[in-house]
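> Model the structure of this input:
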Amino acid sequence: MSKCAKTTDLTQDTEGVAESVTSGILLALQHCQNVFLWDKWNCTNVEFHRLTKSTATKEAAFSKAILAAAVVHSITRDCSRGDIQDCSCKPVRNELRGYNSNHRKNIQSVTDSTLDEANDSNSIKDWSWSGCSDDTSFGNLVAKDYITFEDDVFGSVGKHNYRVGREIVYQTMIKRCRCHGVSGSCSTKTCWMQVAPFKDVARKLKEKYNKAVRLSQDNVEAAVALSNSIKNDKKYLPAPEYALVYLEQSPDYCILNATNGWPGTKGRTCSKTLSEFTSVSERKSCRNLCRQCGHRVKKETRTVKKSCNCNFQWCCSVKCDICLEKVERHYCV
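From the prediction side, this is the model:
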């Protein structure tokens, strides 16, 4: 079990932290719903908040991890912008030259879009760490304080997934660079570390969700007992360090469960869109949400009003006609 901690010294005494944590919670919910848009479990508001506090299913594992990641991400960005007192970005020092060699493999190298021509390494004569990198350490402290876990099997599993979420923000950081030189020659390049866009963090967590490891309660109990016997605060679970883990089989999300705030898939919209940009989950959504749940797919055609034939009028307005357009919608019945 887990629960939101009472207001801590960090949130009480540091201006801007409470607002940043709130933004992080909303960020987590938004991106949880985005990455599960075409899944049977689509991260409804009620279900998301319930799963961050209880149960040990795969969905609860993801909910806890993305909540932790979003709080760390939000705090870190606000610190770098100067919106929170007593924290800031991290001035780049020489130790970043030897940036964790194992972590280096995970770092994406990104340059400003206007400097794409500088990506050719042969054109870069020299580069150095400079500026101010995002510092995730304060965000980690706040996130660790935000939710407390019971010292039992379910608490240990929740704490593990929460830590995975906190760590992934650091693991997905990108190296951002800017070129300097005469006429865009990029004779010198300065670089700093920055947290990745949160959609990339959420996508990475979805990959971990797809590969989540189910543990037996007996094995977790043994691991917790061993950690307690040696008075070790960190509970080492019988699973990969950065894998999401769970104990319980997920319920049937096809079926309505009003008690847990789960609406089932009846009435859910599915997609018949086929293009090179359509994801696999979207292409399979009608089968996944409707047919696999014993529903059939119904097509509904509606006529909607839209602005069209817009023209700029001197000066200074835009004049549009109103056109009628037919819109198709597919859903489960």
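> for this protein, which spans come out with low pLDDT?
Applying pLDDT under 70 to the chain picks out residues 1-13, 91-131, 184, 228-236.
> and with 80 instead?
1-15, 53-54, 86, 88-132, 151, 180-187, 224-236, 260-261, 314-316 (pLDDT under 80).
> now the helices for it?
Counting by DSSP state H, the chain has helices at residues 9-13, 17-35, 45-51, 58-81, 101-104, 137-146, 153-171, 198-210, 217-229, 280-283, 285-289.
> Identify, out of the ones you listed, the most deeply packed stretch.
Ranked by mean neighbour count, the helices of the chain are led by helix 58-81 with a mean of 27 (mean count of other Cβ atoms under 10 Å). In short, each C-beta sits where N, CA and C put it, glycine included.
> still on that earlier bit, looking at the helices of the chain, which is nearest to Cys177?
helix 101-104 (14.6 Å; Cβ to Cβ).
> Against Ser271, how distant is the residue nearest in space to the middle of the chain?
Taking Cα atoms, centre = their mean, the centroid of the chain lies closest to Ala202, which sits 2.7 Å from it. Plainly put, Ala202 is 20 Å away from Ser271 if you go by Cβ to Cβ, to the nearest Å.
> quick one on the thing from earlier: how about the residue nearest to the centre of the chain, nearest residue that isn't a chain neighbour?
His31 (3.8 Å; Cβ to Cβ, 6 or more residues apart in numbering).
> With Gly16 instead?
Ile84 is the one closest to Gly16 (Cβ to Cβ, 6+ apart), at 3.8 Å.
> How about the contacts made by the one you found?
Ile84 makes contacts with Thr14, Glu15, Gly16, Val17, Ser20, Ile75, Asp78, Phe138, as judged by Cβ atoms under 8 Å, 6 or more residues apart in numbering.
> Just send those back as TSV, with distance to Leu37 too.
Shown next, in TSV, are the contacts of Ile84 (distance: Cβ to Cβ, whole Å):
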residue	distance to Leu37
Thr14	35
Glu15	36
Gly16	32
Val17	31
Ser20	26
Ile75	27
Asp78	27
Phe138	32
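> closest to Ala212 among those?
For those, the nearest to Ala212 is Ile75 (25.9 Å; Cβ to Cβ).
> and Phe312, how many neighbours does it have?
Neighbours of Phe312 under the rule other Cβ atoms under 10 Å: 9.
> Please report the distance of the closest residue in space to it that isn't next to it in sequence from Leu324.
Leaving aside its sequence neighbours, Phe312 sits nearest to Val318 (Cβ to Cβ, 6+ apart; 5.7 Å). Separation of Val318 from Leu324 (Cβ to Cβ): 20 Å.
> ditto for Gln249
In terms of Cβ to Cβ, Gln249 sits 49 Å off from Leu324.
> coming back round to it: relative to Asn257, which of the helices of the chain is closest?
helix 45-51 (9.3 Å).
> next one: the closest one to chain centre, how far?
16 Å (Cα atoms, centre = their mean, to the nearest Å).
> Now do it: everything it contacts.
Contacts of helix 45-51 (Cβ under 8 Å, 6+ apart): Ala28, Leu29, Cys32, Trp41, Thr57, Glu59, Ala60, Ser63, Lys64, Asn260, Gly261, Trp262.
> Try it again at 10 Å.
2, 4, 25, 28-29, 32-33, 36, 41-44, 57-64, 66-67, 253, 257, 260-263 (Cβ atoms under 10 Å, 6 or more residues apart in numbering).
> CA atoms only: put that helix into CSV for me.
Provided in CSV are the C-alpha atoms of helix 45-51 (Å, rounded to 0.1, in the frame of the first residue of the first chain):
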residue,chain,number,x,y,z
ASN,A,45,-8.9,9.9,-13.8
VAL,A,46,-10.5,7.8,-11.0
GLU,A,47,-8.5,4.7,-11.9
PHE,A,48,-5.2,6.5,-12.1
HIS,A,49,-5.5,8.1,-8.7
ARG,A,50,-6.7,4.8,-7.2
LEU,A,51,-3.8,2.8,-8.6
